[in-house]
Structures are given as structure tokens and as C-alpha cells.
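Undergrad: no sequence on hand, only this structure:
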């Protein structure tokens, strides 16, 4: 709201959409906190479009986010990692036009960790619609470069529930105070250190990586005798949790392509692009190995990508090694 005052043309709709997402986050956080006490743990019994077994909390979080935004008139289409196709939002009769925003989201990242009480999270990306404003949105509205995002962020369900977001004017963190049910500003203007102390990667995939990636990870692990010092390994296995730690403390996260997933594993629109926007706004960087993640033009809703993201100099080192320099 303070940032809106700097832009007289602002209508307040984006702020209200962020409030809608905060409501969804509170509801999901409540269920996560009670996961061991209610029948919400375990598999749902279905396979999602990604070929992954859905957890009960996956389905609950997916529906909660969608229901929190689809009746407000602020969005024209929503797309989720859990759904095969985008879901157009019907025009409200009292508005006479479609919503101006597009919402892309991963409802519950790291859901395989739910049963063992490891931090998980929700990732979201907001674009302006690109097509006509008269009707519901479409796939074309979803397939925009990450550079076109007007807001992105994540909600981390850990020792506390935390919202970290950017609207292109820095990165700010809000912590949920359960006693009053509100997110309070706790981490204003988050900045990522230029060089991190951690590297995060699943090293069990070592033998599936290309030699360049092996060289990069080897340097992060042992140092390279000059341009980079050895780092400490920290890998949680929940993307949001790993990114959050490295954002706050400095570090680099890698999920490279390999022989099993030659196009990478992470989803461009729901995971890589929104997290890249956040990290870049905090002074970091994100690449697929060659290109800036935010400059990739998506061609499919569930497009996958390799990802190297984190402290700026660490990402630059990885990029130079992969370029053979």
C-alpha cells in the first residue's frame, strides 16, 4: 500500500489480489499445522499432470488458492501445477469485463515432505493479461516471459509461516502472527549476499550430470584454487525452503538437467520464473545454465527447465564454467 502511493495510476487491485493470496496462505497454514491430527496426510489416490502422486494436502492447497481468487473479479485465468489446462475465470456480471491479472501457482511445493514434517511452500506468479479484457483469460495469457511478471513470491510453511514477495520494487518478508491472524512486516528490503556460504543440490544425481555441471558442483564443494572458495552443503529437498535459506544467508541452488530429465525437472512458469523474479529483485541471479530464466519465452504450460539460482557471483561463476571460460 505504501508503494501504491508512489504510483497515482494504481487502482489497488494488485494489493487486493495479494490479500486474496494471504487468505489462502492462512487457510493452508492452518491445515499444515494440524496435518498430524486430521485426515489430511497421505496420498490422495490420483496422479497429476506431472506424473506425480498427489498428496491430500496438494489437492486441498490447489483448491484453496483457486477458490480464494476466482470470485473476486481480479483474475481472468488461473493455472496450477496440479491441473492439466488453465482454468478461465468467468466474468462477473457487476463488472462487465474480465479480470486484469493472470495467476500461476504451485500450490504446495515439497509435498513429499509433508509426512515427515519438513518445511513446504506455495509459489505464485502474477502477470497482466495480454488479450482482450472483455472475457475470460486463455493459455496465451499464461505463456509470458518471467520478465513480464508484475508480482511473484512464495509462502513458506516452516517454524513460522512467512510470505516473501516482490512487485519489482525490492523483496519484502511478512511473518504470520497466529495470535491476530495477520501477516506482519518482519523482513523489509531483503538483500541476498553477492557470494554465498552454501550450495544446495541433490548430489545423488552426480553420475547423470554433464561434465560441466560436475565441474561446477565440484568447485562449490571443494573450491577451485582461486576464483571460488569451498562452500557448505545444505539440501532440504523442498525448493521453497532451500531458496529461502540461500536468499537470507547467501548461497546457490542447482537443479540441472541430467540424462533422465534432459530438459530439466522444475516447472518454468510455476517455480523457476517466480523464484527468479524474487531472487533477482534481492540482488541475486537465476539461469538455466546459459540464459537468464526471466528471458525464456515459454511454449507450453507445464514446460520444464534446469535451474541455477542464488547469490549473483556464484551463479555467474557457474555460467562461466558451463560456457567453457
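TA: Thanks, I have the structure now. Keep in mind that this is a model prediction, so the values were computed, not measured. Numbers count the residues shown, from 1 in each chain.
Undergrad: only C-alpha atoms from now on, for both contacts and neighbour counts.
TA: Noted.
Undergrad: ok, which stretches of the stretch 1-150 of the chain are helices?
TA: Per DSSP state H, counting those that start in this stretch, the stretch 1-150 of the chain carries helices over the ranges 13-33, 56-69, 139-142.
Undergrad: dump those to JSON lines, plus mean neighbour count, distance to residue 162 and mean pLDDT.
TA: Listed next are these as JSON lines, based on neighbours: other Cα atoms under 10 Å; distance: least, Cα to Cα, whole Å; pLDDT from 0 to 100:
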{"stretch": "helix 13-33", "mean neighbour count": "19", "distance to residue 162": "9", "mean pLDDT": "93"}
{"stretch": "helix 56-69", "mean neighbour count": "20", "distance to residue 162": "16", "mean pLDDT": "92"}
{"stretch": "helix 139-142", "mean neighbour count": "19", "distance to residue 162": "26", "mean pLDDT": "94"}
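Undergrad: which one of the ones you listed lies nearest to residue 239?
TA: The minimum distance between residue 239 and these falls on helix 56-69, with 15.1 Å, by Cα to Cα.
Undergrad: which elements pack onto that closest one?
TA: helix 13-33, strand 43-47, strand 75-80, strand 101-109 (3 or more Cα pairs under 8 Å, 6 or more residues apart in numbering; DSSP states H and E).
Undergrad: now it against strand 75-80, angle please.
TA: Between the axes of helix 56-69 and strand 75-80, defined by axes from the mean of the first three to the mean of the last three Cα atoms, to 10 degrees, the angle is 170 degrees.
Undergrad: quick check: angle from helix 56-69 to helix 13-33?
TA: Using the same axes, to 10 degrees: helix 56-69 against helix 13-33 is 150 degrees.
Undergrad: that older thread, got CSV for the helices and strands packed on helix 56-69, with distance to residue 271 too?
TA: Formatted as CSV, the helices and strands packed on helix 56-69 follow (distance: least, Cα to Cα, whole Å):
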stretch, distance to residue 271
helix 13-33, 16
strand 43-47, 19
strand 75-80, 11
strand 101-109, 7
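Undergrad: for these, which one sits closest to residue 173?
TA: Nearest to residue 173, of the helices and strands packed on helix 56-69 and by Cα to Cα, is helix 13-33 at 12.4 Å.
Undergrad: centre of the chain to that closest one, how far?
TA: Using Cα atoms, centre = their mean, to the nearest Å, the mean C-alpha position of helix 13-33 is found 15 Å from that of the whole chain.
Undergrad: just so I know, which of the helices and strands packed on helix 56-69 lies nearest residue 136?
TA: The nearest among these, by Cα to Cα, is strand 75-80 at 5.0 Å.
Undergrad: quick one: strands adjacent to that closest one?
TA: Note on strand 75-80: by DSSP bridges, its sheet partners are strand 87-88 (antiparallel), strand 101-109 (parallel).
Undergrad: give me the contact list for the first one.
TA: I take that to be strand 87-88. Residues outside strand 87-88 that contact it (Cα atoms under 8 Å, 6 or more residues apart in numbering): 76-79, 136-138.
Undergrad: now those residues as CSV including pLDDT and distance to residue 57?
TA: Below are the contacts of strand 87-88 laid out as CSV (pLDDT from 0 to 100; distance: Cα to Cα, whole Å):
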residue, pLDDT, distance to residue 57
76, 93, 25
77, 95, 23
78, 97, 19
79, 97, 18
136, 87, 28
137, 90, 27
138, 91, 27
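Undergrad: tell me, how many residues neighbour residue 155?
TA: Neighbouring residues of residue 155 were enumerated by other Cα atoms under 10 Å; the total is 30.
Undergrad: ok, it - contacts?
TA: 25, 121-123, 161-164.
Undergrad: specify the local secondary structure of the residue located most distally from the centre of the chain.
TA: No residue in the chain has its C-alpha farther from the mean C-alpha position than residue 225, which lies at 34.0 Å (Cα atoms, centre = their mean). At residue 225, secondary structure determined by DSSP: H, G, I helix; E, B strand; the rest coil is coil.
Undergrad: any idea how far it is from residue 219?
TA: 9 Å (Cα to Cα, to the nearest Å).
Undergrad: so residue 252 belongs to a strand, correct?
TA: Yes: read with three-state DSSP, residue 252 is one of the residues of a strand.
Undergrad: quick one: contacts for it?
TA: 196, 198-200, 246, 308-311, 314-315.
Undergrad: let me have the residues you listed in CSV, adding pLDDT and distance to residue 154 as columns.
TA: Output for those, formatted as CSV (pLDDT from 0 to 100; distance: Cα to Cα, whole Å):
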residue, pLDDT, distance to residue 154
196, 95, 21
198, 97, 21
199, 97, 20
200, 98, 18
246, 96, 14
308, 98, 18
309, 98, 15
310, 98, 15
311, 97, 18
314, 97, 22
315, 97, 21
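Undergrad: return the subset of the residues you listed lying in strands.
TA: Among the contacts of residue 252, the ones falling in strands (DSSP state E) are 198-200, 308-310.
Undergrad: show me which of the residues you listed is closest to residue 235.
TA: Closest to residue 235 out of the ones in strands among the contacts of residue 252 is residue 200 (4.8 Å), distances taken as Cα to Cα.
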